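Participant: Test case, fold it:
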Amino acid sequence: MHIGYAAMLEQVQPSAVIENCIAAEAHGFRGIMATDHFQPWLPRHRASAHVWTMLGAIGAHTTGDLGPGVTTPGFRTHPAVVAQAAATLATLYPGRAWLGVGSGDALNEHITGGYWPEPAERIDRMFEAVDIIRKLFTASLAGRDTRHRGEHFRMESTRLWTMPPAAPPVFVATAGPVTARRAGRNADGLITVAAEVERLAPLLARFAEGAREAGRDADTLPRVLQLPLSWAPTEEQALAQAHAEWPVAALRMRRGDVRSPYDFEQLVRGVTPDDMRASMLISADPDVHRAQIQRYADLGFTHIYLHNVGPNQREWLEVFGRDVLPKVRA
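Facilitator: The predicted structure follows:
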């Protein structure tokens with residue numbers, strides 16, 4: 001089973017991120033998913049490094065797969081520049097890099113001052129951006145220019161002059177079945193965040209349906225899961241660190257329109273420990289975590305990147321590398 005490490009760039013300072021990634025690989029984690037934030041969720045996190053800078057550095061210190069989980073083409077960064085960044089990363093680390101894209105959150109994308117659209121328009125923008133990126137990859141591998149005139153983006157005739165022998169795969173992030181079906185038709189894989197099995201099973205089914213409509217075998221396409229959890233040596237510590245570090249997971253609201261870490265700070269004031277228990281698995285027992293990971297693997301996810309929400313990264317990596325990862329079956 002391909003189990004990787006979720007490097008939360010909005011939660012950890014850059015040098016510590018790299019050290020954690022090295023430790024993760026040493027303990028058997030097979031790849032790195034790095035988050036792309038301009039701002040952290042909460043002021044208390046006090047970090048938000050540039051994802052492409054960090055991925056270049058992480059790749060130099062590790063040997064597994066790596067990619068952004070996820071970046072948003074089209075607000076902070078034009079899709080052509082995202083394609084250039086992904087192609088450069090894949091050139092530096094052949095066969096290791098992938099590109100995860102999403103429709104974005106106002107927290108990170110509103111900073112350029114443009115109009116912040118409704119979710120449906122953001123999703124349309126994302127798929128148009130994917131089209132541009134894939135067109136650039138295809139044309140550049142063929143040694144020719146391409147251009148784009150669409151509803152949301154324009155790109156003059158150009159190509160990527162630094163290009164790996166094979167284009168990096170493009171994964172689309174979604175939490176909804178309609179977008180999952182579009183991802184199956186238009187992307188090389190799917191990314192989502194952990195939720196109840198009852199919610200995720202239809203998501204994977206619609207992704208497979210879209211892949212079949214495009215004439216592809218869905219079983220060959222990656223299904224990627226980011227799995228937040230809280231482990232500590234005691235149940236009390238595991239609950240306390242979840243409540244202190246990651247209360248945003250318990251918000252029962254649409255988060256994509258919230259623009260400031262300080263706004264999130266106000267919103268999480270009402271989050272209780274019971275809310276945290278309902279939002280993620282919190283346990284000191286490694287076997288309880290193993291069983292949860294196994295359920296997602298059995299559901300059909302091919303890649304699972306784990307995010308322990310607490311500051312105890314080194315201790316957690318050692319325990320999971322010894323007691324959890326070797327016991328998860330593909």
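
Participant: Any chance you could list what contacts the helix or strand hosting Ala60?
Facilitator: Secondary structure here is read from DSSP states H and E; on that basis Ala60 sits in helix 51-61. Helix 51-61 is contacted from outside by 7, 9, 14, 17-18, 21-22, 32, 34-37, 66-68, 71, 85, 89, 92-93, 96-97, using CB atoms under 8 Å, 6 or more residues apart in numbering. In short, each C-beta sits where N, CA and C put it, glycine included.

Participant: per-residue pLDDT, Asp219?
Facilitator: Asp219 carries a pLDDT score of 94 in this model.

Participant: max-length helix in this protein?
Facilitator: Within the chain, and with DSSP state H defining each element, the longest helix by residue count is helix 119-141.

Participant: which residues sit against the helix or strand just after that helix?
Facilitator: Note on helix 119-141: by DSSP H and E, the next helix or strand toward the C-terminus is strand 146-149. Around strand 146-149, the neighbours that count as contacts under CB under 8 Å, 6+ apart are Asp131, Ile132, Lys135, Leu136, Thr138, Ala139, Arg154, Met155, Glu156, Ser157, Thr158, Arg159.

Participant: Those residues: which two are farthest apart?
Facilitator: Within these, Thr138 and Arg154 form the most distant pair, 18.6 Å apart (CB to CB).

Participant: re the thing from before, the longest helix of the chain - contacts with which helices or strands?
Facilitator: Packing contacts for helix 119-141, counted by 3 or more CB pairs under 8 Å, 6 or more residues apart in numbering; DSSP states H and E, involve helix 79-92, strand 99-101, strand 146-149, strand 154-158, strand 170-173, helix 177-186.

Participant: List the buried residues of it.
Facilitator: Within helix 119-141, the residues that count as buried by 16 or more other CB atoms under 10 Å are 122-130, 132-137, 139-141.

Participant: got the contact list for the nearest residue to Asp188 once chain neighbours are set aside?
Facilitator: Ranked by CB to CB, 6 or more residues apart in numbering and with sequence neighbours excluded, the top spatial neighbour of Asp188 is Pro169, at 3.7 Å. Pro169 is in contact with Trp98, Leu99, Asp188, Gly189, Pro222, counting by CB under 8 Å, 6+ apart.

Participant: Which pLDDT value belongs to Pro169?
Facilitator: 98.

Participant: Distance of it relative to Arg206?
Facilitator: Counting by CB to CB, to the nearest Å, the separation of Pro169 from Arg206 is 19 Å.

Participant: again with Leu267
Facilitator: Distance, Leu267 to Arg206, using CB to CB: 30 Å.

Participant: Could you do Glu198 as well?
Facilitator: 14 Å.

Participant: What of Arg329?
Facilitator: 25 Å.

Participant: got the residue ranges for the strands in the protein?
Facilitator: 2-7, 31-34, 65-68, 99-101, 146-149, 154-158, 170-173, 189-193, 223-230, 281-282, 303-308 (DSSP state E).

Participant: Excluding covalently adjacent residues, which one is nearest to the spatially most central residue of the chain?
Facilitator: Of all residues in the chain, the one closest to the mean position by CA atoms, centre = their mean is Gly69, 2.2 Å from it. Computed as CB to CB, 6+ apart, the closest residue to Gly69 that is not its neighbour in sequence is Met33, at 3.7 Å.

Participant: Run a quick check on Leu200 versus Asp298, I expect a contact.
Facilitator: No: at 11.4 Å, Leu200 and Asp298 do not qualify as touching, with contact defined as CB atoms under 8 Å.

Participant: Name the residues contacting each of these two.
Facilitator: In contact with both Leu200 and Asp298: no residue, using CB under 8 Å, 6+ apart.

Participant: neighbour-wise, which of these two wins?
Facilitator: Leu200 (22 against 12; other CB atoms under 10 Å).

Participant: ok, that one to Pro326 distance?
Facilitator: Counting by CB to CB, the gap from Leu200 to Pro326 is 24 Å.

Participant: just Leu227 next, same as before
Facilitator: Separation of Leu227 from Pro326 (CB to CB) stands at 17 Å.

Participant: When those two are compared, which one has more neighbours?
Facilitator: Remark: of Leu227 and Pro326, Leu227 carries more neighbours, 20 against 11, as counted by other CB under 10 Å.
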